[in-house]
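*Asks:* next come a sequence and a model predicted from it.
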Amino acid sequence: MAWDCCIFANLKKERLYNQHVNLPLLKNNAIELFVKREDQIHPFVSGNKFRKLKYNLSVAKTKCYDSLLTFGGAFSNHIAATAYAGFEQGFSTIGVIRGEELRLKENNSTLAFAKSHGMELDFVDREKYREKDSESFIKELRKKFGNFYLIPEGGTNDYAVRGCEEILQDQDEDFDYICVAVGTGGTISGLINSVQANQQVLGFPALRGDFLQAEIRKFATGSKWKLIRDYHFGGYGKINLQLVEFINQFKRDTGIPLDPVYTGKMMYGILDLVEKGYFKSPCKILAIHTGGLQGIEGMNQVLKRKKLPLLA
Ligand SMILES: *Cc1c(COP(=O)(O)O)cnc(C)c1O
């Protein structure tokens, strides 16, 4: 299948690896930390968004759909990934975007990227956006855009979870903890379904709210997981000086770039928990780098307006 031999080929070039993180804090606590560099799968269809689109696109192709419709916010990695994957795979794409006011923000880098790869953007206000899973709204959208293959917000559905079950490999069996950032819960569900009996999955939600537990239970079969809710920094897409400085320092120390919405918060959480003695040491932790680096440019536009230092 074309999808497999283009973007999927990247996976087979052994560019993906677990990178050892060498920090005094870890050594002093007898903890080994590795980062699975899923961010290197593809510059735009990065990390978990590749995993989540993989089977959805092959199903859309098999069922002869020629357009994809999905949902997302202003800096959505999923919108960027769907736009690019659709562009490369010959689907037309429609993005239903949360926030009527964004229509006028020509300089939003994620939306400009999506548009330049052929995505038609449909802006709706926040109230309308909340109906994104309702049948009547979907019906309205079908009236407007014709027949399309529907991918839910963040890409999460059964096919996405199946794709995320392929993140962990044989070589990962000796890790004690698998850590991952959580948005809609699709990625962590795939990990939960594929871990070994001796492994625990720790999820770091990038947003506030209690609905995630139930979402994850819809897709995940295992029980060896836990959400750690202390590191959302005020909510989805929220950022402060402390987080910017942490991400920049981490990159200087390790060479690993983190994104400000998901992986930066997860890594802040992991190292904070190490400091607090949360992990049973000695132990081995694998942190999944789910990608999202395309969002840095957009966040830097926000930081500039707030007169905060930029992400390097
Ligand atoms: C979308 C995204 C997540 C969240 O994944 P879910 O499956 O929605 O929980 C985590 N990290 C990055 C970088 C993402 O883009």
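*Replies:* Noted; the coordinates are in hand. Numbering: from 1, shown residues only.
*Asks:* tell me which stretches of this protein form helices.
*Replies:* Under the criterion DSSP state H, the chain contains helices at 2-5, 9-12, 24-28, 47-62, 77-89, 109-116, 126-129, 135-145, 158-164, 186-194, 212-219, 241-254, 263-275, 295-305.
*Asks:* of those, which is nearest I151?
*Replies:* Across these, I151 has its closest neighbour in helix 47-62 (5.6 Å, Cβ to Cβ). Glycine gets a C-beta too; all of them are placed from N, C-alpha and C.
*Asks:* keeping just the C-alphas, turn the closest one into PDB.
*Replies:* Output of helix 47-62 as PDB, limited to C-alpha atoms (Å, rounded to 0.1, in the frame of the first residue of the first chain):
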ATOM      1  CA  GLY A  47       5.200  10.600  16.700                       C
ATOM      2  CA  ASN A  48       1.800   9.300  17.800                       C
ATOM      3  CA  LYS A  49      -0.100  11.100  15.000                       C
ATOM      4  CA  PHE A  50       1.600   8.900  12.500                       C
ATOM      5  CA  ARG A  51       0.600   5.800  14.600                       C
ATOM      6  CA  LYS A  52      -2.900   7.100  14.800                       C
ATOM      7  CA  LEU A  53      -3.400   7.800  11.200                       C
ATOM      8  CA  LYS A  54      -1.700   4.700   9.800                       C
ATOM      9  CA  TYR A  55      -4.700   2.300   9.900                       C
ATOM     10  CA  ASN A  56      -7.300   5.000   9.500                       C
ATOM     11  CA  LEU A  57      -5.800   6.000   6.200                       C
ATOM     12  CA  SER A  58      -5.500   2.500   4.900                       C
ATOM     13  CA  VAL A  59      -9.200   1.800   5.900                       C
ATOM     14  CA  ALA A  60     -10.200   5.100   4.200                       C
ATOM     15  CA  LYS A  61      -8.400   4.000   1.100                       C
ATOM     16  CA  THR A  62      -9.800   0.500   1.100                       C
END
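*Asks:* as TSV, the helices of the chain with mean neighbour count, mean pLDDT and distance to the ligand would be great.
*Replies:* TSV is the format used below for the helices of the chain (neighbours: other Cβ atoms under 10 Å; pLDDT from 0 to 100; distance: least, Cβ to the nearest ligand atom, whole Å):
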stretch	mean neighbour count	mean pLDDT	distance to the ligand
helix 2-5	14	46	19
helix 9-12	13	50	17
helix 24-28	12	98	22
helix 47-62	24	95	5
helix 77-89	26	96	3
helix 109-116	20	94	11
helix 126-129	13	95	16
helix 135-145	12	97	20
helix 158-164	23	97	7
helix 186-194	26	98	3
helix 212-219	16	95	8
helix 241-254	16	98	13
helix 263-275	22	98	6
helix 295-305	17	93	7
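*Asks:* so can I have TSV of these showing distance to D174?
*Replies:* Formatted as TSV, the helices of the chain follow (distance: least, Cβ to Cβ, whole Å):
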stretch	distance to D174
helix 2-5	29
helix 9-12	22
helix 24-28	17
helix 47-62	22
helix 77-89	30
helix 109-116	37
helix 126-129	43
helix 135-145	45
helix 158-164	21
helix 186-194	15
helix 212-219	25
helix 241-254	21
helix 263-275	18
helix 295-305	32
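*Asks:* which residues touch L168?
*Replies:* L168 is in contact with I178, L191, S194, V195, counting by Cβ atoms under 8 Å, 6 or more residues apart in numbering.
*Asks:* name the nearest of those relative to Y278.
*Replies:* I178 (14.9 Å).
*Asks:* contact partners for that closest one?
*Replies:* L168, D172, L191, V195, Q199, Q200, V201, L202, I285, L286, I288.
*Asks:* what about it, distance to the ligand?
*Replies:* 14 Å (Cβ to the nearest ligand atom, to the nearest Å).
*Asks:* for that residue, give its distance to M267.
*Replies:* Distance from I178 to M267, counting by Cβ to Cβ, to the nearest Å: 14 Å.
*Asks:* and N300, by the same measure?
*Replies:* With distances taken as Cβ to Cβ, N300 is found 19 Å from M267.
*Asks:* so K265 touches I228, yeah?
*Replies:* No. At 10.4 Å, K265 does not count as touching I228 under the criterion of Cβ atoms under 8 Å.
*Asks:* overlap in contacts, the two.
*Replies:* Joint contacts of K265 and I228 (Cβ under 8 Å, 6+ apart) are F204.
*Asks:* so who does L310 touch?
*Replies:* So L310 contacts V244, N300, L303, K304 (Cβ under 8 Å, 6+ apart).
*Asks:* list the contacts for the nearest residue to H117 once chain neighbours are set aside?
*Replies:* In space, and not counting its chain neighbours, H117 is closest to F87: 4.1 Å by Cβ to Cβ, 6 or more residues apart in numbering. The contact partners of F87, by Cβ under 8 Å, 6+ apart, come to T93, H117, G118, M119.
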